[in-house]
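>>> A predicted structure for the sequence below; I have some questions about it.
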Amino acid sequence: MSVDTATVAKIAALARIKVSEAELEAMVPELNGILAWVEQLGEVDVTGIEPMTAVIENHLRLRDDVIDADPLTGGGVRDKVLANAPAREDGFFGVPKVIE
């Protein structure tokens, strides 16, 4: 696949990027080079290779989601926190409506 000046102009218009005529001419070979490189990637034989999400396999370490009863490090202090709130509604901070 190759692109021409009209295609680059259309891409720029879709992306809402203002591009001069000289810049259009300069971008044609750059985009054609990128597309040629992508086509080369399509020629690589990847049969038998499992897809991966990262180069280094990483396992997410999870912990239990529990509320610590200690008032210095955990929960159980909602009333003290809400005492500082300028507006309270049903045990939560009250905020002004911003969406009409």
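Perfect, I can see it now.
>>> where along this structure do the strands fall?
Along the chain, counting by DSSP state E, strands occupy 88-89, 92-93.
>>> out of these, which comes closest to Ala9?
Ala9 lies closest, by Cβ to Cβ, to one member of the strands of the chain: strand 92-93, at 50.3 Å. In short, each C-beta sits where N, CA and C put it, glycine included.
>>> need the residues that contact that closest one.
Leu82, Ala85, Ala87 (Cβ atoms under 8 Å, 6 or more residues apart in numbering).
>>> dihedrals phi and psi, the residue most central in space within the chain?
Nearest to the mean C-alpha position of the chain, by Cα atoms, centre = their mean, lies Thr53 at 15.4 Å. Per-residue torsions, Thr53: phi -100, psi -20 (degrees, to the nearest 10).
>>> if I look at it, how far off is His59?
Note on Thr53: its distance to His59, by Cβ to Cβ, to the nearest Å, is 12 Å.
>>> can I get the helix or strand bottoming out on mean pLDDT in the chain in PDB, CA atoms only?
The helix or strand of the chain with the poorest confidence is helix 78-82; it has a mean of 83 (mean pLDDT, DSSP states H and E). Below are the C-alpha coordinates for helix 78-82, written out as PDB (Å, rounded to 0.1, in the frame of the first residue of the first chain):
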ATOM      1  CA  ARG A  78     -16.200   8.700  58.600                       C
ATOM      2  CA  ASP A  79     -17.800  11.000  61.000                       C
ATOM      3  CA  LYS A  80     -14.500  12.700  61.800                       C
ATOM      4  CA  VAL A  81     -13.700  13.100  58.100                       C
ATOM      5  CA  LEU A  82     -17.100  14.500  57.300                       C
END
